[in-house]
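Participant: What shape does this take:
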Amino acid sequence: NQNQHGKSVRAEASALIRTAYYLTLAASYLKRVAANTNSSRSGKGESISWKDFVPQSDPKNIQSMVDSLLHSAIKQRQNGGGMGGNFGFDYSYPTTTNFTASSTSKDDTTVSLEEFLEWAETTTPMMSALPTFLFVLFAFFSPSLSGDGKEPSFPPGVTPLWIPSLTIDQPIQSKYSSPTSSFFLDPSSSSFDLFALSCTSLTLASGRWHRLFSSEANGLSCNRLMHALLGYGGPTIILIRSKDATDKGKCGSGVFGVYTFTPFSQESSGFYGNSDCFLFRLGPDPMAVYRPKGGGDRGGMDAFGTNNTTSNQESETCNYMYFNPEARSKGYDGLAHGIGFGGTADLPRLFIDEVLDSCRAAPEDLTYEKGPLLSGLKESNTSATSQFDIEAMEAWGVGTQQVVNEALLARDGERHDAEKRIRQAMKGAKGAFLEDMQSGLVGNKVFQHRDQMRGRDGGCEMDEVEE
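Facilitator: Numbers count the residues shown, from 1 in each chain. As a prediction, the model looks like this:
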């Protein structure tokens, strides 16, 4: 990290982020071309346009990731860091351009290799753009390939980074056509936000995102969101865009959310899940990722391994996820009703209220790292400024093709079993009603009030109906 004169070599933070972004777009395009070439040999090729992998304009949120890197560099210098290691960063303060008293003005937007690696280790551990591009370039088009249609395996230590493909359920018939996503505008294959989120987790970078819920297509409803999530047997990510309420002293418009490896498999009054999850802020304020502090279960870190889920955690350091609809307890449990992450059962850190009246995103709790989720706050994010209103919301099932397909089948099976239980309950109620009718019990109950009216002192007399 030093040149021949012994001076520290630094790079523009913006150039580093843009280079990684463009290399990922190029690798994703080449991967599609290679797959299409193999498919064309069997007559199943499709048209692929390079224009879909070229940004139509300068990405707005690229500055959020740049600011995140610069802000991390500031903290490292203030704390004597930049030497590697896994450290969490405090994103509670706005980014400045004056790093230290010894920094020169020309270095205000540059970072060293150590500063970049330390930031990437905690925020974007999947940013392997250059190795992915080089391997695709040399291995995916090699004449020595067997032609069996299988992708070449990446060497040990190299985890590929792709722009994931977006899929949705195809409606049977619908006069209203909604976009695939209101967060990732077409063409999604060149979305910077997809690139940024894919850099944060192995599962998010695994190739496919399937839309489970969209406020644009399904309506802005927490109940519908909960219905879409319940029973889905795989990792999910929830994206939220807040309304601009700066004129009311609240947050501005911003995008944030949560990722969890553990499926929303049950309704519960307590927290469950494992440490393979995190909260995040995507922009427009500096991008931030808040992972569990590490005080509890560390299982389930492999997105393709066994999901060792824990439930009913006694410690608030393990309050990963919370799924408590009002219908579960008829509203008598005295707890928050909706979907929550971190915090406590009566006051989660990130909370999507079931009626969307009391949504909140607090800056800290005992489970996840400290830092704000909301953007555009003029003062430090406190409990008084944690409330937000939702403008748009989406939920996606994420992972490999196999993981997503199996998770969708699990949800279909769960819904089929639920419908079967309802039919059996209705059948049982109907059968009991028929038995009562045959025995005369229902008739006695239905007309019992008439006999009581006749026998009441001073009561009205019933006229006999002449046959």
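Participant: only C-alpha atoms for contact and neighbour calcs from this point on.
Facilitator: Fine.
Participant: Next, residue 110: phi, psi?
Facilitator: phi -120, psi 160 (degrees, to the nearest 10).
Participant: Count the residues that sit near residue 352.
Facilitator: Using other CA atoms under 10 Å, residue 352 is surrounded by 26 other residues.
Participant: cool, the one 4 residues further on as well?
Facilitator: Other residues within reach of residue 356 by the criterion other CA under 10 Å amount to 17.
Participant: go on, residue 155?
Facilitator: Residues lying near residue 155 (other CA under 10 Å) number 10.
Participant: Give the residue spans of the stretch 201-350 of the chain that score low on pLDDT.
Facilitator: Scanning the stretch 201-350 of the chain for pLDDT under 70 picks out the ranges 249, 295-315.
Participant: Please repeat the previous calculation with a cut-off of 50.
Facilitator: Scanning the stretch 201-350 of the chain for pLDDT under 50 picks out 296-313.
Participant: Can you show me the helices along this protein?
Facilitator: Counting by DSSP state H, the chain has helices at residues 13-41, 62-78, 113-122, 129-139, 192-198, 215-218, 222-229, 326-329, 401-439, 441-446, 448-455.
Participant: List the buried residues for the first one?
Facilitator: Within helix 13-41, the residues that qualify as buried are 13-14, 17-18, 20-31, 33-38, counting by 16 or more other CA atoms under 10 Å.
Participant: which other helices and strands contact it?
Facilitator: With contacts taken as 3 or more CA pairs under 8 Å, 6 or more residues apart in numbering; DSSP states H and E, helix 13-41 sits against helix 62-78, helix 129-139, helix 192-198.
Participant: related to what we said a few turns ago, so which of the helices of the chain comes closest to residue 255?
Facilitator: helix 192-198 (10.0 Å; CA to CA).
Participant: Residue 164 against residue 208, yeah?
Facilitator: Yes: Residue 164 is within contact range of residue 208, at 5.0 Å (criterion: CA atoms under 8 Å).
Participant: I would like the residues contacting the lengthiest strand in the chain, please.
Facilitator: Ranked by residue count under DSSP state E, the longest strand found in the chain is strand 390-399. Outside of strand 390-399, the residues within contact range by CA atoms under 8 Å, 6 or more residues apart in numbering are 181-182, 203-216, 220, 225, 229, 234-243, 303, 356, 404.
Participant: on that earlier part again, closest one to residue 294 among the helices of the chain?
Facilitator: helix 113-122 (13.2 Å).
Participant: okay, that closest one in PDB with CA atoms only?
Facilitator: The C-alpha coordinates for helix 113-122 follow below in PDB (Å, rounded to 0.1, in the frame of the first residue of the first chain):
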ATOM      1  CA  LEU A 113      -6.400  -0.100   1.000                       C
ATOM      2  CA  GLU A 114      -6.600  -1.000   4.700                       C
ATOM      3  CA  GLU A 115      -9.500   1.400   5.200                       C
ATOM      4  CA  PHE A 116     -11.300   0.000   2.200                       C
ATOM      5  CA  LEU A 117     -10.900  -3.600   3.300                       C
ATOM      6  CA  GLU A 118     -12.000  -2.900   6.800                       C
ATOM      7  CA  TRP A 119     -15.200  -1.200   5.500                       C
ATOM      8  CA  ALA A 120     -15.800  -4.000   3.000                       C
ATOM      9  CA  GLU A 121     -15.400  -6.700   5.700                       C
ATOM     10  CA  THR A 122     -18.300  -5.300   7.800                       C
END
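Participant: can you pull the buried residues of that helix?
Facilitator: 113-122.
Participant: And that helix, what does it pack against?
Facilitator: Against helix 113-122 (3+ CA pairs under 8 Å, 6+ apart) you get helix 62-78.
Participant: name the helices or strands packed onto the helix it packs on?
Facilitator: When contacts are defined as 3+ CA pairs under 8 Å, 6+ apart, helix 62-78 packs onto helix 13-41, strand 110-112, helix 113-122.
Participant: so what strands line up beside the shortest one?
Facilitator: Yep, that's strand 110-112 we're talking about. Strand pairing for strand 110-112, determined by DSSP bridges: strand 10-12 (antiparallel).
Participant: Not counting the strand it pairs with itself, show me its contacts.
Facilitator: 1, 109-113.
Participant: rerun at 6 Å
Facilitator: With contacts defined as CA atoms under 6 Å, 6 or more residues apart in numbering, strand 10-12 is touched by 109-112.
Participant: Now it: buried residues?
Facilitator: In terms of neighbour count (16+ other CA under 10 Å), strand 10-12 has its buried residues at 10, 12.
Participant: again with stretch 156-175
Facilitator: By 16+ other CA under 10 Å, the buried positions in stretch 156-175 come out as 159-164, 166.
Participant: Tell me how far residue 184 lies from residue 424.
Facilitator: From residue 184 across to residue 424, the span is 43 Å (CA to CA, to the nearest Å).
Participant: just residue 248 next, same as before
Facilitator: Taken as CA to CA, the span from residue 248 to residue 424 is 52 Å.
Participant: Point out where the stretch 1-150 of the chain drops to low pLDDT.
Facilitator: Along the stretch 1-150 of the chain, the parts satisfying pLDDT under 50 run over 1, 43, 83-89, 91-106, 146.
Participant: let's see it at 80
Facilitator: Across the stretch 1-150 of the chain, the ranges flagged by pLDDT under 80 are 1-8, 36-48, 56, 80-108, 142-150.
Participant: quick revisit: want to try a markdown table for the contacts of strand 10-12, with neighbour count and distance to residue 190 as columns?
Facilitator: Converted to a markdown table, those look like this (neighbours: other CA atoms under 10 Å; distance: CA to CA, whole Å):
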| residue | neighbour count | distance to residue 190 |
| --- | --- | --- |
| 109 | 20 | 25 |
| 110 | 19 | 26 |
| 111 | 23 | 26 |
| 112 | 17 | 28 |
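Participant: Can you name the two of those that sit furthest apart?
Facilitator: 109 and 112 (10.6 Å).
Participant: all strands of the stretch 151-300 of the chain, in order?
Facilitator: With DSSP state E, counting those that start in this stretch, the ranges of strands along the stretch 151-300 of the chain come out as 165-167, 208-214, 236-242, 255-260, 272-273, 277-283, 288-290.
Participant: and the fifth one, what other elements does it pack with?
Facilitator: It stands for strand 272-273. strand 310-311 (3 or more CA pairs under 6 Å, 6 or more residues apart in numbering; DSSP states H and E).
Participant: What count of nearby residues applies to the closest residue to residue 231 other than its chain neighbours?
Facilitator: Spatial nearest neighbour of residue 231, chain neighbours left out: residue 411 (4.5 Å); criterion: CA to CA, 6 or more residues apart in numbering. Neighbourhood size, residue 411 [other CA under 10 Å]: 19.
Participant: mind putting the helices of the chain in TSV, distance to residue 270 included?
Facilitator: Shown next, in TSV, are the helices of the chain (distance: least, CA to CA, whole Å):
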stretch	distance to residue 270
helix 13-41	40
helix 62-78	34
helix 113-122	29
helix 129-139	40
helix 192-198	28
helix 215-218	27
helix 222-229	16
helix 326-329	12
helix 401-439	21
helix 441-446	43
helix 448-455	46
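Participant: Please identify which of those helices is closest to residue 252.
Facilitator: Closest among the helices of the chain, using CA to CA: helix 62-78, at 14.7 Å.
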